[in-house]
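Q: How does the following fold in three dimensions:
(chains A and B)
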Amino acid sequence: MQYAILCYHDEKVTCAWSKEHDEAVMAKLGAVIKKLADKGKLGPVARLLPTTAATTLRKDREPPIVIDGPFAETKEQLLGFYIVDCANLDEALTIAKELGAANPGGAHEIRPVGQFWAGKAAS
Amino acid sequence: VTDAGWMASVLTAARPQAVAALLRQFRALDMAEEAFQEACLRALRTWPKHGPPRDAAAWLIMVGKNAAIDGVRRQGKLEPLPSAEQLFDRADTEAVAVERIDDADYRDDILRLLFICCHPELPATQQIALALRIVSGLSVKQIARAFLVSEAAMEQRITRAKARVSAADVPFEAPGAVERSERAAAVIAMIYLLFNEGYTTDVAARGAKSALCEEAIRLGRLLLQLFPTEPEIMALAALMMLQHARAPARFDAEGQTILLDDQDRSLWNRTMIAEGLALVDKALRHSRPGPYQVQAAIAALHARATRPEDTDWAQIDLLYATLERMQPSPVVTLNRAIAVAKVRGPDEALALIEPLGAKLANYFYFHGARGALLKQLGRVDEARVAFDRAIALANTPAEAAHIRQQLDRLDAAPAAGLLIGSRKIV
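A: I've put the predicted structure just below:
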């Protein structure tokens, strides 16, 4: 079963990371990611740019309107995601904990994937 | 999970908001700063034990406020206030929650704090120093190093700036729409000044200097969070990111300037470019053009070109012409001349800048660019005179070295390339 691990963190904090701290976190995450990839458990992974770069299309009206910024103003923002292939929730949680240990702070939402298209653009 | 690096970034991230709220409370920069320092000390003591609070800024504001009031009360022998430890109890956490000010207040708090730092009565260098000290929380030592002055001199500069600010009258009421936009404009100018301070200077100081660029980008992001729909603020952030993305390619191992055309573009920071381009797109969608948007659009065209020859110079020429209309300045015209040289040749470019001679007589880049154009036209003797003048006016050893190189090559085959081509408009 595929799970999306959605990463939430306060982007004020992640944007305040020094270059060294950022590189250290990415190196630690890289090691976990490599392990998962070697086991064939890893799908697409993305780190998103800050929400200041986001644009939202409100399509609950006609015509839809375009708004600057993220969909929801929250204290913690969606900053990235992993798609992992796991036997069950326990395994997904174990992976999320490993990723969390490499990158503390914030939260991971573990969300089962319903349908998935790999697409071709992301390579 | 509270390692030192993580704690430091949480405190840094919370700083502008916390200091700004404490400033509104106490209406004195020194007192707000001291209260924040005290709150940070308590955070360093208690967070590792209890884990970080959910809203770090609210916690720091509450604890800082209590600490400061506590200090005042102690002198008056009054009841003590709850300690930082107690704030982790449920009831007090709720008290912290009550302290949360809504977003509009946060925005005006931080804007006021930024605005105080770039108060019109302060000279530019004091504005930047004060913002770095108060908003970014850099130490006096760090700031002194970035400005290449002694710590004592910087300390004095900041103290003087603070005294000037406290003597000046800054209203603490929520600003009206007009005043808010005036404040934002002053802050934009200060942030870009800070960026330029980091961008333009000596290679020897590059490490410390590039910290200034990063701080400027961080302040730009902060301002953008406060005004998420302002195209000029999007453009300011984009402009700084697109320029700073080139930093790893701008100097060679010996510290010599590498021209835009000669830079190894694979060294450019692609993530930063992506963010800059996204912000330019967002800004232009508003159809409310402004000078920062035009400059960001020019930087975007450079960033989009995978090879120098892919650069859309014709479009850059048009954009500079637009900027000339918005903000007429000989420096803008000088920059436009670079695009003109690429599109229509050095003849026309030279004709465009010759009339600027009087206004830019003491401007390094003018003589550097003029020399390069003359060189392209094979007017070697005149080029030599222009280059000599440029060396005399060089702001940094790297600039002087670059021109000297041009001089050395004068007798060899004429090579294209203008120092100013790698520069943004000042």
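Q: So for the closest residue to A:L42 other than its chain neighbours, what's the pLDDT?
A: Leaving aside its sequence neighbours, A:L42 sits nearest to A:L36 (CB to CB, 6 or more residues apart in numbering or on different chains; 4.2 Å). Just so you know, the C-beta spots here come from the backbone N, C-alpha and C atoms, and that holds for glycine as well. Looking at A:L36, its pLDDT reads 96.
Q: Shouldn't A:L36 be within a helix?
A: Yes. Assessed with DSSP: H, G, I helix; E, B strand; the rest coil, A:L36 lies in a helix.
Q: can you tell me how far it sits from A:A87?
A: 14 Å (CB to CB, to the nearest Å).
Q: The two: which has the busier surroundings?
A: A:L36 (20 against 9; other CB atoms under 10 Å in any protein chain shown).
Q: State the distance from the more buried one to chain B.
A: A:L36 is 21 Å from chain B, where distance means CB to the nearest CB, to the nearest Å.
Q: Then A:F116?
A: Taking CB to the nearest CB, one finds A:F116 at 25 Å from chain B.
Q: Was I right to think B:R221 contacts A:C15?
A: Yes. With contact defined as CB atoms under 8 Å, B:R221 counts as touching A:C15 (5.9 Å).
Q: what about those two, which has more around it?
A: B:R221 (23 against 18).
Q: helix/strand/coil for the more buried one?
A: Relying on three-state DSSP, one would call B:R221 helix.
Q: Now do the contacts for it.
A: Listed by CB atoms under 8 Å, 6 or more residues apart in numbering or on different chains, the contact set of B:R221 reads A:C15, A:P50, A:T52, B:A237.
Q: and stretch B:7-21, anywhere near chain A?
A: Yes. For stretch B:7-21, a contact with chain A is found by CB under 8 Å from any CB of the partner chain, at B:A8, B:S9, B:V10, B:T12, B:A13, B:A14.
Q: returning to what we had before: of the contacts of B:R221, which belong to helices?
A: When the contacts of B:R221 are checked against helices (DSSP state H), the matches are A:C15, B:A237.
Q: May I ask which of the contacts of B:R221 has the most neighbours?
A: Ranked by neighbour count (other CB under 10 Å), the contacts of B:R221 have B:A237 at the top, with 31 neighbours.
Q: surely that residue meets B:A216?
A: No. B:A237 is not in contact with B:A216 according to CB under 8 Å; the separation is 9.5 Å.
Q: Now the common contact residues for these two.
A: Joint contacts of B:A237 and B:A216 (CB under 8 Å, 6+ apart) do not exist.
Q: picking that back up, among the contacts of B:R221, which pair sits farthest apart?
A: Maximum pairwise distance in these, criterion CB to CB, is 11.4 Å, between A:C15 and B:A237.
Q: how about the residues of chain B near chain A?
A: B:1-3, B:5-6, B:8-10, B:12-14, B:52, B:54-56, B:103, B:214, B:218, B:221, B:224-225, B:228-229, B:234, B:237, B:271, B:274-275, B:278-279, B:282, B:285.
Q: per-residue confidence at residue 76?
A: Going with chain A. The model's pLDDT for A:E76 equals 90.
Q: meant chain B actually
A: pLDDT at B:G76 comes out at 63.
Q: Ok, B:L111 next?
A: 86.
Q: ditto for B:R221
A: In this model, B:R221 is scored at 92, pLDDT.
Q: Give the closest residue to B:R183 in space, chain neighbours not counted.
A: For B:R183, ignoring the flanking residues on the chain, the nearest one in space by CB to CB, 6+ apart is B:F115 at 4.2 Å.
Q: before we move on, what about A:F81?
A: A:L6 (5.0 Å).
Q: would that neighbour count as being in a strand?
A: Yes. The assignment for A:L6 is a strand, going by three-state DSSP.
Q: Please look at it and A:I83 and confirm they touch.
A: No. Counting by CB under 8 Å, A:L6 stays clear of A:I83, with 10.2 Å between them.
Q: just the strands in chain A please.
A: Secondary structure of chain A, counting by DSSP state E: strands at A:2-9, A:42-47, A:55-58, A:65-68, A:77-85, A:107-112.
Q: Now render those as a markdown table, adding mean neighbour count.
A: A markdown table is the format used below for those (neighbours: other CB atoms under 10 Å in any protein chain shown):
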| stretch | mean neighbour count |
| --- | --- |
| strand A:2-9 | 19 |
| strand A:42-47 | 15 |
| strand A:55-58 | 12 |
| strand A:65-68 | 15 |
| strand A:77-85 | 20 |
| strand A:107-112 | 14 |
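Q: residue contacts, B:G137?
A: B:T12, B:R15.
Q: Just give me how far the helix or strand harbouring B:N66 sits from the chain centre.
A: Using DSSP states H and E, B:N66 maps to helix B:56-76. Centre-to-centre, helix B:56-76 and its host chain are 32 Å apart (CA atoms, centre = their mean, to the nearest Å).
Q: And stretch A:79-95, by the same measure?
A: Distance, centroid of stretch A:79-95 to centroid of chain: 11 Å (CA atoms, centre = their mean).
Q: From the structure, what's the count of residues near the residue in the stretch 301-426 of chain B that chain A sits nearest to?
A: At 14.7 Å from chain A, B:A303 is the closest residue in the stretch 301-426 of chain B, using CB to the nearest CB. B:A303 has 25 neighbours, counted by other CB under 10 Å.
Q: quick one: buried residues of the helix or strand containing it?
A: B:A303 is part of helix B:291-304 when elements are defined by DSSP H and E. By neighbour count on 16 or more other CB atoms under 10 Å in any protein chain shown, the buried set for helix B:291-304 is B:291-303.
Q: What is that helix packed up against?
A: Counting contacts by 3 or more CB pairs under 8 Å, 6 or more residues apart in numbering or on different chains; DSSP states H and E, helix B:291-304 packs against helix B:231-244, helix B:270-284, helix B:313-326.
Q: ok so, going back, which residues touch the residue nearest to A:F81?
A: A:L78, A:G80, A:F81, A:H108, A:E109, A:I110, A:R111.
Q: how deep is B:L360 tucked in, by neighbour count?
A: Number of residues near B:L360 (other CB under 10 Å) recorded here: 18.
Q: Oops, could you answer that again for B:T229 instead?
A: 13.
Q: do the same with B:A4
A: 10.
Q: what's the answer for A:I95, then?
A: Neighbours of A:I95 using other CB under 10 Å come to 24.
Q: I'd guessed it sits against A:A87; true?
A: No. Using CB under 8 Å, A:I95 makes no contact with A:A87, being 11.1 Å away.
Q: Just the pLDDT at B:S83, thanks.
A: pLDDT, B:S83: 58.
Q: If you could redo that for B:A204, that was the one I meant.
A: You'll see B:A204 listed with a pLDDT of 47.
Q: ok, now which ones touch the residue nearest to A:K41 when sequence neighbours are not counted?
A: Distances taken as CB to CB, 6+ apart place A:D85 nearest to A:K41, at 5.0 Å, with adjacent residues excluded. Residues in contact with A:D85 (CB under 8 Å, 6+ apart) are A:M1, A:Q2, A:G40, A:K41, A:L42, A:G43.
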